[in-house]
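Colleague: got a sequence here, can you build the structure:
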Amino acid sequence: MSMPQPNPGYRGDSSLGVGQIVNDAWNTSIKSYLGLFFLNLPILIAAVASFGADSQSMFSADGSAMEQMVRDNMGRFITLEVLIFIVSIVCSCAMTRILYDRYVGAPVSDREAAVTGAKRSLPAIGLLLIFIAAYVVFAFVVALILALLQGVLGFLALILAIGLAILFLYLVFPYVLSGIVCINEELGPIASLRRSKYLTSDYRWPLLAVSLVAVVVMAVYQGIILGLDYLMAPAAFGHTILLVFVALIYPLLGGWVIGLFVIAAHRLRALKDGVISGRNLSNVFE
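Modeller: Prediction:
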C-alpha cells in the first residue's frame, strides 16, 4: 500500500482532541465488544494453559509463587509462552482492524475485519523485532556506561540510568503509532516507522496525554484484579470467578486502549492527509 500524500492545508496548531479520542475509543470498544471478546479468549486460554494447575499465580502479587511455578515447569512454560506470543500478536492485529473498521464505519463484518488484521501479523512481528533489537542495543550501551562509571559516580549512576531511560522513551515515542499504521494502512515495518514519525510530529504532547490516560486506567484495573485475588482466594471457586471476570471485562478495556491509538492515528491522518476512507474532516472531528 502506498503512503498517503501530505495535506497541503495542514496546520501544525490544529487540535488533536484528546477528550474526544477517549470518548470515541470507549464507544468503539463497546460496539466491537463481541468480536473483541472472542479474540481475547484464545489469549486467556493459552495463558491459563501455560500456568496449568498454578494458574491462580497469574493474578497474585506474590512473585515467588510464579517463580516456583516456572522452575517446576520450565519446558512447558517456554513452549506455551511462545504460543501466547504468537496468538497475542495475531489476535491483537485482528482486534486493531476490527476497531478501525467499526470506527470509520467500513461496510465489513467483524470476521472480515479480523481476517484482514490477522494477515498483518508477520509485518507486525517484524516491527516488534525492530523495537526489541533497539531496546537490547540501548540497554547494552547503558549497562556498559554504568559499569564503567559506577565506581566514579556512585549514587549518581542511578540518576544517569533514569535519565537514559527517559531519553530512550523520548527517542522511541515518535514511533508509538507504527503498529497501528502497519495494520490499518498495510505498510511494511520500515515504512510504518517513517509514517508514524510523520504522523506524530507536532503532536507528541497530546499523544503522551493519551498514553498516560491508558497507563492510569490499566494500572487501576490491575489493582482491582490484585484486590479481588486477595479477597476471593479463600473462597470456593474464587479463582474461577476471577477468570470469568477477566474474560468479560478485559476485552472492553483492552479494546479501549487499542482504540485510543487507532483513533488518534486516524485523526492525525485526517489532519495531515485530508480525506480518509471517504470521510472528510468535519465527519472525523464531529
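Colleague: what are the boundaries of the strands in the stretch 51-200 of the chain?
Modeller: Taking DSSP state E, counting those that start in this stretch as the criterion, the stretch 51-200 of the chain contains no strands.
Colleague: that one: helices as residue ranges?
Modeller: Taking DSSP state H, counting those that start in this stretch as the criterion, the stretch 51-200 of the chain carries its helices at 63-72, 74-104, 110-118, 121-153, 156-172, 178-184, 189-200.
Colleague: who wins for proximity to Gly259 among these?
Modeller: helix 74-104 (4.8 Å; Cβ to Cβ). Just so you know, the C-beta spots here come from the backbone N, C-alpha and C atoms, and that holds for glycine as well.
Colleague: spatially central residue for the chain, please.
Modeller: Nearest to the mean C-alpha position of the chain, counting by Cα atoms, centre = their mean, stands Ile258 at 5.9 Å.
Colleague: surely that one touches Ala94?
Modeller: No - in this structure, Ile258 sits apart from Ala94 without contact. The criterion is Cβ atoms under 8 Å, and the distance is 10.7 Å.
Colleague: return every residue with contacts to both of the two.
Modeller: Overlap between the neighbourhoods of Ile258 and Ala94 is empty, taking contacts as Cβ atoms under 8 Å, 6 or more residues apart in numbering.
Colleague: picking up where we left off before, got the helices of the stretch 51-200 of the chain as JSON lines, with mean pLDDT and distance to Leu226 columns?
Modeller: Conversion of the helices of the stretch 51-200 of the chain to JSON lines gives the following (pLDDT from 0 to 100; distance: least, Cβ to Cβ, whole Å):
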{"stretch": "helix 63-72", "mean pLDDT": "58", "distance to Leu226": "12"}
{"stretch": "helix 74-104", "mean pLDDT": "85", "distance to Leu226": "21"}
{"stretch": "helix 110-118", "mean pLDDT": "94", "distance to Leu226": "31"}
{"stretch": "helix 121-153", "mean pLDDT": "84", "distance to Leu226": "27"}
{"stretch": "helix 156-172", "mean pLDDT": "79", "distance to Leu226": "25"}
{"stretch": "helix 178-184", "mean pLDDT": "95", "distance to Leu226": "28"}
{"stretch": "helix 189-200", "mean pLDDT": "94", "distance to Leu226": "33"}
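Colleague: can you pull out the residues in contact with stretch 22-40?
Modeller: Counting by Cβ under 8 Å, 6+ apart, the neighbours of stretch 22-40 from elsewhere in the structure are 91, 94-95, 98-99, 102-103, 110-111, 113-114, 210, 213, 247-248, 250-257, 259-260, 262-263.
Colleague: now the end-to-end length of that stretch.
Modeller: Between the opening and closing residues of stretch 22-40 we find a distance of 21 Å, counting by Cα to Cα, to the nearest Å.
Colleague: that one: which residues count as buried?
Modeller: By neighbour count with 16 or more other Cβ atoms under 10 Å, stretch 22-40 contains the buried residues Val22, Asp24, Ala25, Trp26, Thr28, Ser29, Lys31, Ser32, Gly35, Leu36, Leu39, Asn40.
Colleague: ok, which pair from these is furthest apart?
Modeller: The two members of the buried residues of stretch 22-40 with the most space between them (Cβ to Cβ) are Val22 and Leu39, at 22.2 Å.
Colleague: that's all I had, so thanks and see you.
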